[in-house]
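Q: Give me a model of this one.
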Amino acid sequence: MSTKKKYILFSAAAFLGITAFIASSFISQYYITRIKQISIGETAYLYITPDDSAANVIKQLEGIIAPETAEGFGILSRHNKFDNKRRSGKFAVKDGDTMKDIYYRIVSNTQTPVKLVVPATRNIAQLVGSVTRQLMMDSSELVEFMTSPIYKQRIGYTAETFPSLFIPETYEVYWNIKPEDLMLRFMKERRNFWNDERKAKADKLGLSPEEVATLASIVDEETNSNEEKPIVAGLYINRLKKGMPLQADPTVKYALGDPTRKRILNKDLEVESPYNTYKHTGLPPGPIRIATKQGLESVLNYKKHDYLYMCAKEDFSGTHNFAKTLSEHNANARRYQQALNKLKIKK
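A: Alright, predicted model coming up:
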């Protein structure tokens, strides 16, 4: 065979080999990105921030599926320039997905909502901390909205009434929701809660929704028993109707800046504060905490009775002895004070 023929045959073989390699590589990539289905059982989730590159996503995927399968994301990201079209949010990785399914779920921004638990915290700072831990949100961004007097005024609140905006509940939101959109959601949930029926009940009591939230916050601080809350609410409503000061210990604790105190001393009752309901009749300027839904409903659906006084039970069960007269109340109070003394609880 001549040298020329040998060269031609060698070139043809090399061409076929390269072609076969390219075809094999293409088939392999096609299989791993578009045909191979992942098997993970329960759905898992990727939490992607705007700063996450394809490499960051692959690292997350490797915690869910086999690394060689996760590399399929790298193939697609290089072909489609993922780093030029990043998305953020919570994205599902489902049993039976191909890598193409996962990739296009992300780039098309098809997110899975998160269940955001909005708790009934004692203050706004605690609320911000709890909420932002559940979202892709910096706490300082949300604080900027919540501490702005101009923003509060624009949406119809003062610093004192602002806690009445929040209705503790579990909401579905996107993980990457913006602070302004989250605040709009809070306002929407408040409007939904304060429907015509609840507004009518508040009007019948002569209270605004903000005042209902204020009274509910006191009820929540008085007792953890949902069964007892309508009784406590009824007691305070009786006192409001008679023009009596509420004389609610939780408001004194709030004025002192110490909601965890076990005992209120006589000197504590002299604290100068509009929240001291021993010195000022009527409701304080605003809620002393974010009221629970049970607290709000307890005020709107309070139990009718003749009680005017209450004192924590001496068994420290967290419930109360109720009284219609001051003499009955004083007897209850003595028993409770004796129990405190026995345990040497001074405050």
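
Q: what about the strands in the stretch 151-300 of the chain?
A: 169-173 (DSSP state E, counting those that start in this stretch).

Q: was I right about Leu296 contacting Ala213?
A: Yes: taking Cβ atoms under 8 Å as the definition, Leu296 is a contact partner of Ala213 at 6.5 Å. C-beta here means a position set from N, CA and C on the backbone, and glycine is covered the same way.

Q: Now do the helices in the protein.
A: 3-30, 54-62, 67-80, 99-107, 124-133, 139-146, 149-154, 179-193, 196-205, 209-222, 229-242, 249-256, 293-300, 326-342 (DSSP state H).

Q: for the residue most central in space within the chain, what are its contacts?
A: What sits nearest the mean C-alpha location of the chain, by Cα atoms, centre = their mean, is Val118, with 2.8 Å. By Cβ atoms under 8 Å, 6 or more residues apart in numbering, the contact list for Val118 reads Leu127, Ser130, Val131, Phe166, Ile167, Pro168, Glu169, Thr170, Tyr171, Phe186.

Q: Give the bridge partners for it, please.
A: Bridge pairing for Val118 (DSSP bridges) gives the partners Glu169.

Q: how near is it to Lys204?
A: 28 Å (Cβ to Cβ, to the nearest Å).

Q: can you check Leu296 too?
A: Relative to Lys204, and taking Cβ to Cβ, Leu296 is found at 15 Å.

Q: Name the residue in the two with the higher neighbour count.
A: The residue with more neighbours, out of Leu296 and Lys204, is Leu296; 28 against 9, by other Cβ atoms under 10 Å.

Q: ok, the closest residue to that one other than its chain neighbours - contacts?
A: Excluding the flanking residues, the one nearest Leu296 by Cβ to Cβ, 6 or more residues apart in numbering is Ala216, at 4.6 Å. Applying Cβ under 8 Å, 6+ apart, we find Ala216 in contact with Ala233, Pro287, Ala291, Thr292, Gly295, Leu296, Ser298, Val299.

Q: Next up, the contacts around the fifth one.
A: Under the criterion of Cβ under 8 Å, 6+ apart, the contact list for Gly295 reads Ala120, Ala216, Ser217, Val219, Asp220, Lys229.
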